[in-house]
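Asker: for reference, the sequence and a predicted model appear below.
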Amino acid sequence: MHPISREREILYTVLNFVPAIYILHRKVLNFEGAIVVMADSSGFTLESVRKSLIRQEDTLVFNLIERAKYPIVPQLYDDGNCPILPGSSDSFLESFVKETEAVQAKFGRYQSPEEHPFFPDKLPESLVLPPRTTQILHSAAASININKAIWDIYINKVLPLIASEGRDDNYTSIAGCDLQCLQALSRRIHYGKFVAEVKFKDAPEEYTPAIQAQDRDALMKLLTFESVEEMVKKRVEKKARVFGQDVTLDSNDSQGNFKVNPSVLPRLYGEWVMPLTKEVQVEYLLRRLD
Ligand SMILES: C=C(O[C@@H]1C=C(C(=O)O)C=C[C@H]1O)C(=O)O
């Protein structure tokens, strides 16, 4: 055995303590969970928030188009009934999402206040240092996660609108598409926290009495803009037409063939995405003065 030098010994001792120093640093500075932060609050306006929601429409429409390539394969969604996942009481998709979230948690995904896990229990600690950002949201934002409802709606209502039952052995590719859709829906709907914060900041005198009275209906009325919602529905239908057409070198593309029926999009937004976004807004506002 080579005798190790005094310098090396010191170095090894320090390295041994690195994980402990890191954890201590996170606890002391209260970075645990890194809930409510953003790069810079100066550009945080209702306009910038709406711009983000518009860009997120593109993501969601593209992800639905990708998912529509595949059928609905029941073995992916039935608990404990997956022929290639013996011994698991979860469905293939649940297992896939849990394991993927664990990896992404380690790489800091849930340090972002825009991201919410579907299976928050027992997620591993992040290995990544939290970003150095400014706090935008009230700390109560961290307690709002409606992914259970989003999961149920996606599997039971949305999927049947864009695909039908069939056989396909590409389980992992299909589950990957499902995860993309679920994450895009979750990000869009929970973005309601930012919408609510900017609306509150713009008019605290209007929102405060309704918050103090814990009046959900009054809050819902204050934050709803029907004309904006109508525009959103028209725009997402158009996006499904434009993004989902068959592109050829002929002059008249598509001929009415779309990868996702464009009428699904206004329905998705009108029945689920916007109502849930508003639900998140109300939940956030109810806690805004805690
Ligand atoms: C997001 C907003 O708040 C509400 C929710 C909307 C949505 O989810 O797209 C649209 C209009 C509002 O009724 C907004 O005002 O932009």
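Answerer: Thanks, I have the structure now.
Asker: any idea how far the residue of the stretch 51-200 of the chain found nearest the ligand is from residue 45?
Answerer: In the stretch 51-200 of the chain, the residue that lies nearest the ligand is residue 195 (4.4 Å; CB to the nearest ligand atom). C-beta coordinates here come from the backbone N, C-alpha and C atoms, glycine included. Distance of residue 195 to residue 45, given as CB to CB, to the nearest Å: 11 Å.
Asker: just want to know which of the two has more residues nearby.
Answerer: residue 195 (20 against 12; other CB atoms under 10 Å).
Asker: list the contacts for that one?
Answerer: By CB atoms under 8 Å, 6 or more residues apart in numbering, residue 195 lies in contact with 46, 49, 53, 223, 277, 281.
Asker: so the second one sits against residue 198, correct?
Answerer: Read it as residue 49. Yes. Between residue 49 and residue 198 there is a contact under CB atoms under 8 Å: 5.2 Å.
Asker: so what's the gap between stretch 54-66 and the chain middle?
Answerer: 13 Å (CA atoms, centre = their mean, to the nearest Å).
Asker: average pLDDT for that stretch, rounded please.
Answerer: Stretch 54-66 carries an average pLDDT of 98.
Asker: and the ligand, is that stretch touching that?
Answerer: No. Contact of stretch 54-66 with the ligand is not found when judged by CB under 6 Å from any ligand atom; the minimum separation is 9.1 Å.
Asker: for that stretch, buried residues please.
Answerer: Within stretch 54-66, the residues scored as buried using 16 or more other CB atoms under 10 Å are 56, 57, 59, 60, 61, 62, 63, 64, 65, 66.
Asker: which ones among those map onto helices?
Answerer: 56, 57, 59, 60, 61, 62, 63, 64, 65, 66 (DSSP state H).
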